[in-house]
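> Sequence and predicted structure below; questions after.
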Amino acid sequence: MPRPREFDEETVLTAARDQFWTTGFAGTSMDAIAAATGLGKGSLYGAFGGKRELFHRVFDDHCTAAIRSASRQLDGADEQALARLTAYFLNHATACAEPSRRGCLLAKGTAELSEHDEVVSARSLKTLESIQQAITADLGACQRNGDIDPAADARQLAALLLTVHRGIEALGKAGTDESTLRGVVETALAGLPRPPR
């Protein structure tokens, strides 16, 4: 009979995620993960598999959290749809200006692994599509409320805004200041098509 685990799985996964987030997949060894989590390598292998399997687990958890966060922030009454959209993007700009420049694990993992790792590639695409769907739904609410031209293609506008969203992350990683990032957001939102007068 296997012994029960003597560690908190979520605590271990959070520590492993932070290690991958800081040093990337290639730059992270199982020794580093063991040191970060306080577990022996044998325990890590037994509980989560190898390094790649552990990364898949924390990457999937991170992607799930990103989708939930977008949905939570963008869902609501039509009357507040434009305000929610604005807050979502401005908050993202502020977060991307963090001094550590650690960036987004979604972007980091996708850039490093998607070319050679089908699991990461598929999960990344699904995550971005889900975030785009949340933005599309909010834009539809903006259209119903009369804030955006109802004839505009909400899905295409969402794809454009998602591109701005991901671009802001890249600019922040390079060291662009918060004021500039927020200005990008304000310019992008100002360019959304308004209803004809």
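Perfect, thanks for sending it.
> Look at Ala32 and tell me its secondary structure.
With DSSP: H, G, I helix; E, B strand; the rest coil as the basis, the three-state label of Ala32 is helix.
> For it, give me its contacts.
Contact criterion Cβ atoms under 8 Å, 6 or more residues apart in numbering gives Gln19, Thr23 as the residues in contact with Ala32. The way it works is simple: take the backbone N, C-alpha and C, and place the C-beta from them, glycine included.
> what does the model give it for pLDDT?
Ala32 is assigned a pLDDT of 93 by the prediction.
> Nearest to the middle of this protein, which residue? Look it up for me.
With the centre of the chain defined as its mean C-alpha position, the nearest residue by Cα atoms, centre = their mean is Ala66, 4.5 Å away.
> Could I get the contacting residues of it?
When contacts are counted by Cβ under 8 Å, 6+ apart, Ala66 is found next to Leu106, Thr127, Ile131.
> host element of it?
Here Ala66 sits within helix 51-74, counting by DSSP states H and E.
> residue ranges for the helices of the protein, please.
9-23, 30-37, 41-48, 51-74, 81-96, 105-113, 118-144, 154-174, 178-190 (DSSP state H).
> what about dumping the CA coordinates of the fifth one to CSV?
The C-alpha coordinates for helix 81-96 follow below in CSV (Å, rounded to 0.1, in the frame of the first residue of the first chain):
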residue,chain,number,x,y,z
ALA,A,81,-19.0,46.4,-20.5
LEU,A,82,-16.8,49.2,-21.8
ALA,A,83,-15.6,50.1,-18.3
ARG,A,84,-14.8,46.4,-17.7
LEU,A,85,-12.8,46.2,-21.0
THR,A,86,-10.9,49.3,-20.2
ALA,A,87,-10.1,48.2,-16.7
TYR,A,88,-9.0,44.7,-17.9
PHE,A,89,-6.5,46.2,-20.4
LEU,A,90,-5.2,49.0,-18.2
ASN,A,91,-4.7,46.5,-15.3
HIS,A,92,-2.7,44.3,-17.7
ALA,A,93,-0.6,47.2,-18.7
THR,A,94,0.2,48.0,-15.1
ALA,A,95,1.0,44.3,-14.4
CYS,A,96,3.3,44.1,-17.4
